[in-house]
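In: Have a look at this prediction, sequence included:
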Amino acid sequence: MMKTTLPLALVAIAAVGRADMVLFDLSAGNFSQDWSNTAMIAANDDWSGVGSITGFLGDTNAGSPTGVDPQTYLAPNMGVVDVIANQAAPNSLGNGGVAEFDGITNPVVAMQGSGSADTPGLVLYMNATGRTNVTISYNVRDIDGSLDNSIQQVALQYRVGGTGNFVNVPAGYIADASTGPSQATLVTPVSATDGAWDNASILEFRVITANAVGSDEWVGIDDITVTSSPVPEPATLTAFGLGLAAVLRRRR
Ligand SMILES: [Ca+2]
Ligand SMILES: [Ca+2]
Ligand SMILES: [Ca+2]
Ligand SMILES: [Ca+2]
């Protein structure tokens with residue numbers, strides 16, 4: 001009976017990992033998140049107050065390599081759901097993973113690599129049914145003013161359909177989203193669009209970093225927007241309709 005119990009167990013694990021997955025319907029309007037509502041995340045590892053975004057620890061490589069290009073990590077696994085809630089001191093918070101810094105001037109959710117957080121980051125869950133020109137934009141902010149001066153890579157990825165590997169988006173790659181030491185000013189804007197996202201009923205975006213060589217820096221993912229426009233009435237179908245009407249007129 002192992003043939004039936006094993007797939008069921010895998011389905012259950014997948015469901016737990018995506019417990020907070022609520023697809024945002026882009027036909028209802030644009031998606032935006034700037035983390036200014038500091039009450040949305042109030043407890044560690046609890047994303048239930050945040051619509052359509054979940055953070056993950058990214059403990060995805062037991063070997064804990066450093067300096068890996070996050071564009072090359074495309075496997076679906078992101079490790080456990082993660083957020084360190086209600087933080088105010090990115091310079092001294094040494095943990096890897098995802099943290100909510102709601103006690104700084106411009107609140108943000110940020111990520112930092114470490115030996116356990118190989119590929120930490122955020123996953124966004126969208127429904128693009130009937131939509132085209134789907135565009136994701138955000139600002140990657142160095143909020144880490146400590147002595148650390150890492151090469152903090154950030155990658156943007158997506159997948160359609162809710163299963164399988166992610167696909168890297170080259171336009172969303174940042175070779176180093178931080179400066180240092182003792183600097184926390186760099187803001188790197190990212191904006192990308194891809195026809196593959198048109199009309200996708202399950203469209204996931206993933207923004208991840210990877211464990212850098214040496215001590216990593218916190219980088220925030222802020223001012224997130226996902227915009228789109230309606231799929232236009234197909235011109236061929238309209239022409240077909242007109243042609244049919246002409247045929248029907250001739251038959252009368
Ligand atoms: Ca913000
Ligand atoms: Ca909070
Ligand atoms: Ca820095
Ligand atoms: Ca490191």
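Out: Cool, the structure landed. Ligands and ions are numbered 1, 2, ... in the order given.

In: Now do the helices in the stretch 101-250 of the chain.
Out: 235-251 (DSSP state H, counting those that start in this stretch).

In: pLDDT below threshold where in it?
Out: In the predicted model of the stretch 101-250 of the chain, residues 235-250 satisfy pLDDT under 70.

In: What parts of it come near ligand 2?
Out: residue 102 (Cβ under 5 Å from the ion). To be clear about C-beta, it is placed using only N, CA and C from the backbone, and glycine gets the same treatment.

In: now the residue in the stretch 101-250 of the chain that ligand 2 sits nearest to: how far from residue 79?
Out: Going by Cβ to the ion, ligand 2 is nearest to residue 102 of the stretch 101-250 of the chain, at 4.0 Å. Computed as Cβ to Cβ, to the nearest Å, the residue 102 to residue 79 distance reads 23 Å.

In: again with residue 60
Out: 6 Å.

In: joint contacts of these two?
Out: Shared contacts of residue 60 and residue 79, defined by Cβ atoms under 8 Å, 6 or more residues apart in numbering, are found at residue 119.

In: Which positions in this structure make contact with ligand 4?
Out: 211-212, 216.

In: I figured residue 132 hits residue 229, correct?
Out: Yes. Here residue 132 reaches residue 229: they are 5.9 Å apart, a contact under Cβ atoms under 8 Å.

In: More neighbours: which of those two?
Out: Taking neighbours as other Cβ atoms under 10 Å, residue 132 and residue 229 compare with residue 132 leading, 15 against 11.

In: I'd like to know how many residues surround the spatially closest residue to residue 144 that is not a sequence neighbour.
Out: Of all residues not flanking residue 144 in the chain, residue 217 sits nearest, at 3.7 Å (Cβ to Cβ, 6 or more residues apart in numbering). Neighbourhood size, residue 217 [other Cβ under 10 Å]: 31.

In: Separate out the buried members of the residues of the chain next to ligand 4.
Out: 211-212, 216 (16 or more other Cβ atoms under 10 Å).

In: Strands of the chain, residue ranges please.
Out: Using DSSP state E, the strands of the chain run over 24-25, 31-33, 53-56, 84-87, 97-101, 108-112, 121-127, 131-142, 154-160, 167-168, 187-193, 203-209, 219-230.

In: helices and strands around the third one, which ones?
Out: Contact here means 3 or more Cβ pairs under 8 Å, 6 or more residues apart in numbering; DSSP states H and E; on that basis strand 53-56 packs against strand 97-101, strand 121-127.

In: can you rerun that using 10 Å?
Out: The contact analysis (3 or more Cβ pairs under 10 Å, 6 or more residues apart in numbering; DSSP states H and E) places strand 53-56 against strand 97-101, strand 108-112, strand 121-127, strand 203-209, strand 219-230.
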